[in-house]
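Enquirer: Take a look and give me a structure for this.
(one chain, ligands or ions: 3)
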Amino acid sequence: MQIIFADTAPDAVSVSLHASIVNQGDDLSDYGAALIGGAKAARFKGSAGQVFETYMVEGEAVKRVAVAGAGEKDADKRRLNVERAGAALAGKYLRSGETEMVLDLGQADLTAEEAAAALLGVRLRSWSHDKYRTKLAADKKVTLKKVHVVGAPEGTNANWESEAAIARGVEFTKRLITEPGNVLYPESFVTLCREAFEGTGAEITVLDEAEMEELGMGALLGVGQGSARASRLLAIRWNGGEEGAKPTVFVGKGVTFDTGGISIKPGPGMEDMKWDMGGAGAVAGGMLALVGRRAKANVVGVVGLVENMPDGNAIRPGDVLTSMSGQTIEVLNTDAEGRLVLCDALHWAQEQYDPAAIVDFATLTGAMIIALGNEHAGIFANDDTLADNLLEASRVSGDKLWRLPIGPAYDKLIDSPIADMKNIGGRGAGSITAAQFLHRFIKKGTPWAHCDVAGVVWSDKPGHAHDKGATGYGVRLIDRYVANSVE
Ligand code: BES
Ligand code: ZN
Ligand code: ZN
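Expert: Ligands and ions are numbered 1, 2, ... in the order given. Below you'll find the predicted structure:
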């Protein structure tokens with residue numbers, strides 16, 4: 001999607017679609033009686049994301065006029081509401097046959113920041129991934145390619161530059177999550193990241209299996225050992241902050257496909273497990289956004305990349321693995337593999353970077369979806385300030401989080417009779433016992449939060465910032481958190 005700032009709107013002959021954003025309760029008299037009457041008949045109120053369109057004759061041409069609602073002007077979610085208005089327009093016209101749109105941002109009394117948010121909405125909602133659809137009917141193809149922005153408040157352009165970096169991050173995450181397991185596996189994940197970060201100034205470190213073996217990462221390597229694909233650990237480092245300041249480290253679960261291993265999953269729905277690298281995808285896209293907008297912060301993204309497959313070399317239920325931390329793990333279920341990958345990635349990240357804070361993202365448990373559905377991701381933390389800052393970033397960014405408890409009584413549930421811990425708890429509190437497992441790998445005094453994103457990285461229906469499929473969850477949360485609490 002090309003977004004161009006223009007001084008005057010192209011006429012109806014060159015661009016037939018003319019849209020603007022309006023507030024709830026706005027007087028629409030500038031648009032003429034036809035639109036006012038039509039909007040009233042269609043019960044258009046201007047609520048966030050509502051769109052009304054009509055046709056008007058302009059000289060020889062027929063002009064398609066659309067108004068998108070941004071809700072009430074003083075709503076506390078104003079920025080997100082304006083973004084929704086932009087997104088609703090993109091959603092409506094993306095495959096409509098219209099190739100260009102004039103977007104008037106001068107009608108709703110927007111600040112420059114809000115106007116840029118409208119553009120972010122347009123851009124995010126118009127991302128699609130049709131590359132494997134060679135027989136897509138002409139009327140299903142994406143047609144809208146260009147937006148002429150007019151009437152934008154002073155400064156929108158500059159704000160859009162950093163929003164565009166965020167859009168590139170979200171798009172990268174969506175791409176990683178959407179690619180199927182035969183295309184996206186540990187090594188190709190690394191390759192895509194190398195390409196995306198090329199020339200940005202970010203520093204990339206990759207550990208192969210021999211190097212991880214050397215470091216004693218028996219848990220992460222254990223998960224990968226049933227796969228023909230080699231495992232990798234990838235770190236992306238950005239030093240945009242003060243020299244020597246401890247970095248904030250984000251860690252992601254990157255299981256590029258999760259069959260469950262020997263504790264194999266049932267067939268129906270198993271294809272969903274191509275997005276079991278959603279945490280790693282969020283971390284990679286979050287880093288791309290931060291690097292793209294040259295964030296003034298020291299940050300590192302670390303992702304553990306493995307494929308969980310069953311074969312003659314795979315780990316068995318009952319096997320005991322030794323993690324890099326030296327702690328041993330009795331594997332009672334090979335499908336509880338995410339925590340095995342993360343425990344070595346978390347330990348390595350702490351040894352390597354001595355983080356100011358560490359935040360992990362993982363599609364860790366199905367139980368998270370039972371608890372919170374597809375609205376909120378769960379957050380678990382050993383530090384209230386870190387949790388509060390992430391919750392605040394979640395409210396502003398729209399990537400919703402809800403805090404759940406951890407504590408010693410839950411921790412006991414993963415004690416093992418043969419090793420230091422087992423990799424599953426009992427029937428209850430599955431997401432919490434998973435968090436307790438990770439907690440055992442966090443050094444005393446290091447603020448840590450774990451975000452279980454199992455329910456939010458993929459959606460069966462379109463949302464305001466995505467089509468059905470990958471949501472891009474986490475990128476804006478990471479960006480906001482760093483902007484508010486680290487920079
Ligand atoms: N990747 C899954 C969790 C998951 C399930 C994410 C559904 C998204 C949708 C994870 O590796 C897993 O299989 N967890 C098990 C843990 C259990 C064996 C303790 C689960 O949730 O069933
Ligand atoms: Zn699993
Ligand atoms: Zn998994």
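Enquirer: Just give the closest residue to the closest residue to ligand 1 within the chain, not the sequence neighbours.
Expert: Proximity of the chain to ligand 1 (C-beta to the nearest ligand atom) peaks at Gly366, 3.3 Å away. (C-beta placed from N, C-alpha, C; glycine too.) Leaving out its chain neighbours, the residue that sits closest to Gly366 by C-beta to C-beta, 6 or more residues apart in numbering is Ala454, at 6.5 Å.
Enquirer: cool, and Ile4?
Expert: Excluding the flanking residues, the one nearest Ile4 by C-beta to C-beta, 6+ apart is His148, at 5.5 Å.
Enquirer: just to revisit the earlier point, contact partners for the residue nearest to Gly366?
Expert: Counting by C-beta atoms under 8 Å, 6 or more residues apart in numbering, Ala454 touches Gly278, Ala362, Thr363, Leu364, Thr365, Gly366, Met368, Ile369, Ala377.
Enquirer: Go again with 6 Å.
Expert: Shown in contact with Ala454 (C-beta atoms under 6 Å, 6 or more residues apart in numbering): Thr363, Thr365, Met368, Ile369.
Enquirer: Same question for Glu307.
Expert: Tyr185, Ser227, Arg229, Thr256, Phe257.
Enquirer: Check which helix or strand it maps to.
Expert: Using DSSP states H and E, Glu307 falls within strand 298-308.
Enquirer: any idea of the mean pLDDT in the helix or strand just after that strand?
Expert: Next in sequence after strand 298-308, counting helices and strands by DSSP H and E, comes strand 320-322. For strand 320-322, mean pLDDT is 99.
Enquirer: In the stretch 51-200 of the chain, what residue lies closest to ligand 3?
Expert: Minimum separation of the stretch 51-200 of the chain from ligand 3 (C-beta to the ion) falls at Gly181, amounting to 12.3 Å.
Enquirer: Can you pull the domain assignment for this protein?
Expert: Domain assignment for the chain by automatic domain parsing gives 2-153, 164-486.
Enquirer: Would you mind measuring the gap between the ends of the longest one?
Expert: The stretch domain 164-486 measures 21 Å between its terminal residues, going by C-alpha to C-alpha, to the nearest Å.
Enquirer: residues from the chain in reach of ligand 1?
Expert: Counting by C-beta under 6 Å from any ligand atom, the residues of the chain lying close to ligand 1 are 258, 276, 333, 335-338, 363, 365-367, 424, 430, 454.
Enquirer: who touches stretch 309-326?
Expert: Looking at what lies outside stretch 309-326 - C-beta under 6 Å, 6+ apart - the contacts are 215-219, 222, 225-227, 259, 261-262, 264, 328-332, 334, 343-344, 347, 419, 441.
Enquirer: sorry, back to before: quick one: which of the contacts of Ala454 has the most company?
Expert: With neighbours taken as other C-beta atoms under 10 Å, the top of those is Thr363, carrying 32 neighbours.
Enquirer: so how far is ligand 2 from that residue?
Expert: Distance, Thr363 to ligand 2, using C-beta to the ion, to the nearest Å: 9 Å.
Enquirer: Help me confirm that that residue comes into contact with Gly281.
Expert: No. With contacts defined as C-beta atoms under 6 Å, Thr363 does not count as touching Gly281, sitting 9.5 Å away.
Enquirer: Which residue does this structure have closest to ligand 3?
Expert: Asp258 (3.8 Å).
Enquirer: Show the pLDDT at His464.
Expert: For His464, the model assigns a pLDDT of 87.
Enquirer: State the number of residues packed around it.
Expert: 20.
Enquirer: Spit out the contact partners of Arg79.
Expert: Applying C-beta under 6 Å, 6+ apart, we find Arg79 in contact with Glu114, Ala117.
Enquirer: What strand or helix carries it?
Expert: Going by DSSP H and E, Arg79 is part of helix 78-93.
Enquirer: Residues in contact with the helix or strand just after that helix: which ones?
Expert: Counting by DSSP H and E, the next helix or strand C-terminal to helix 78-93 is strand 100-104. With C-beta under 6 Å, 6+ apart as the contact definition, strand 100-104 has outside contacts at Ala9, Val15, Leu17, His18, Ala19, Ser20, Lys146, Val147, His148, Val149, Val150, Gly151.
Enquirer: neighbouring strands for strand 100-104, and are they parallel or not?
Expert: Partners of strand 100-104 in the sheet, by DSSP bridges, are strand 17-22 (parallel), strand 146-150 (parallel).
Enquirer: which bits of the stretch 251-400 of the chain sit near ligand 3?
Expert: Contact residues (C-beta under 5 Å from the ion) of the stretch 251-400 of the chain with ligand 3: Val255, Asp258, Asp276, Gly338.
Enquirer: which residues sit against the top helix by length along the chain?
Expert: In the chain, taking DSSP state H as the definition, the longest helix is helix 156-178. Outside helix 156-178, the residues that touch it by C-beta under 6 Å, 6+ apart are 5, 112-113, 115-116, 119-120, 123-124, 127, 129, 196, 275, 278, 281-282, 285, 288-289, 292-293, 469-470, 472, 475, 479.
Enquirer: Quick check: next helix or strand after that helix?
Expert: The C-terminal neighbour of helix 156-178 among helices and strands, as given by DSSP H and E, is helix 186-197.
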